[in-house]
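> below is the structure, and that's it, no one-letter string:
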């Protein structure tokens, strides 16, 4: 079946621009996660949704980062007034609620802020 | 606080030889432990997990890992390496009592299998 998809795969933004990154989870997966992976590092947790409810946003680095999942399926991660330190790969993952410990990852969106 | 350490940035091994990629963790209470593999320009792929039960878990592509509670380790192993195993490997942990399902990842170990 189809896996987790993310778009765009690559995004170049000028410093100060707003960006929106999209994640389409696996059909039927109620849990959705966003992670940020800096170059040469492991992924770091940003936020977690169960259906449309954002249950944990403790990893969002600043109030410029905002995520939503209004209908409990597709999710969007928005970054306002991008900064160079926001350059990273943004990974989305989804899982079944009753097997929340097994997460399936998308290919990621590579964001470069110039 | 939860953390994962992967002490080796890179592991080099000849094809056909056994491989080990090391991982130690720190977590309050009992852990859930995972290994993921990342190929260039692709997302993380799940390899295996330890939830409970037998300390030796088997996963995809012939990989296995051994949970050692006393040493707080979860090393990834394979009896005979293939060139196609060359990739970036991440160990991850989640505390069993953590109501948030987030994973805490190590910094990754690059495995290079030479022909």
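Arrived safely, thanks for sending. Fair warning: this is a prediction, and the values are worked out from it, not measured in the lab.
> nearest residue to the middle of chain A?
residue A:34 (3.4 Å; C-alpha atoms, centre = their mean).
> ok, now which ones touch residue A:4?
A:23, A:24, A:25, A:26, A:92, A:93, A:94, A:104, A:105, A:106, B:43 (C-beta atoms under 8 Å, 6 or more residues apart in numbering or on different chains). In short, each C-beta sits where N, CA and C put it, glycine included.
> so which bits of chain A are right by chain B?
With C-beta under 8 Å from any C-beta of the partner chain as the criterion, chain A meets chain B at residues A:3-4, A:31, A:33, A:35, A:40-45, A:48, A:55-56, A:58-59, A:91, A:93, A:95, A:100-108.
> go again using 6 Å as the cut-off
Applying C-beta under 6 Å from any C-beta of the partner chain, we find that chain A lies next to chain B at A:41, A:42, A:43, A:45, A:48, A:56, A:100, A:101, A:105, A:106, A:107, A:108.
> picking up where we left off before, what's the closest non-adjacent residue to the residue nearest to the centre of chain A?
residue A:46 (4.2 Å; C-beta to C-beta, 6 or more residues apart in numbering or on different chains).
> tell me the phi and psi of the closest residue to chain A within chain B?
Closest contact between chain B and chain A, by C-beta to the nearest C-beta, is at residue B:105 (3.4 Å). Dihedral pair for residue B:105: phi -100, psi 150, per degrees, to the nearest 10.
> how close does it get to residue A:36?
11 Å (C-beta to C-beta, to the nearest Å).
> one more: residue A:47?
10 Å.
> when those two are compared, which one has more neighbours?
residue A:47 (24 against 21; other C-beta atoms under 10 Å in any protein chain shown).
> the more buried one pairs with what?
According to DSSP bridges, the residues that bridge with residue A:47 are residue A:34.
> now the nearest residue to residue B:114 once chain neighbours are set aside: how far from residue B:113?
Nearest residue to residue B:114, sequence neighbours excluded (C-beta to C-beta, 6+ apart): residue B:14, at 5.6 Å. To residue B:113, residue B:14 is 7 Å away according to C-beta to C-beta.
> check residue B:44 too.
Counting by C-beta to C-beta, the gap from residue B:44 to residue B:113 is 19 Å.
> out of those two, which sits in the more crowded spot?
Comparing residue B:44 with residue B:113 by other C-beta under 10 Å, the one with more neighbours is residue B:44, at 28 against 20.
> who does that one bridge with?
Beta-bridge partners, per DSSP bridges, of residue B:44: residue B:38.
> re earlier: how many residues are close by the residue nearest to residue B:114?
Using other C-beta under 10 Å: residue B:14 sits among 11 other residues.
> okay, now the unreliable bits of chain A?
Across chain A, the ranges flagged by pLDDT under 70 are A:1, A:98-101.
> for the residue in it that chain B sits nearest to, helix, strand, or coil?
Closest residue of chain A to chain B, C-beta to the nearest C-beta: residue A:42 (3.4 Å). Judged by DSSP: H, G, I helix; E, B strand; the rest coil, the three-state class of residue A:42 is coil.
> look up phi and psi at it.
phi -80, psi 160.
> isn't the residue of chain B closest to chain A right up against residue A:43?
Yes - with contact defined as C-beta atoms under 6 Å, residue B:105 counts as touching residue A:43 (5.0 Å).
> neighbour count: those two, which is higher?
Using other C-beta under 10 Å, the more surrounded residue of residue B:105 and residue A:43 is residue A:43, with 28 against 23.
> does that one touch residue B:104 like I think?
No - between residue A:43 and residue B:104 there is no contact under C-beta under 6 Å: 9.4 Å.
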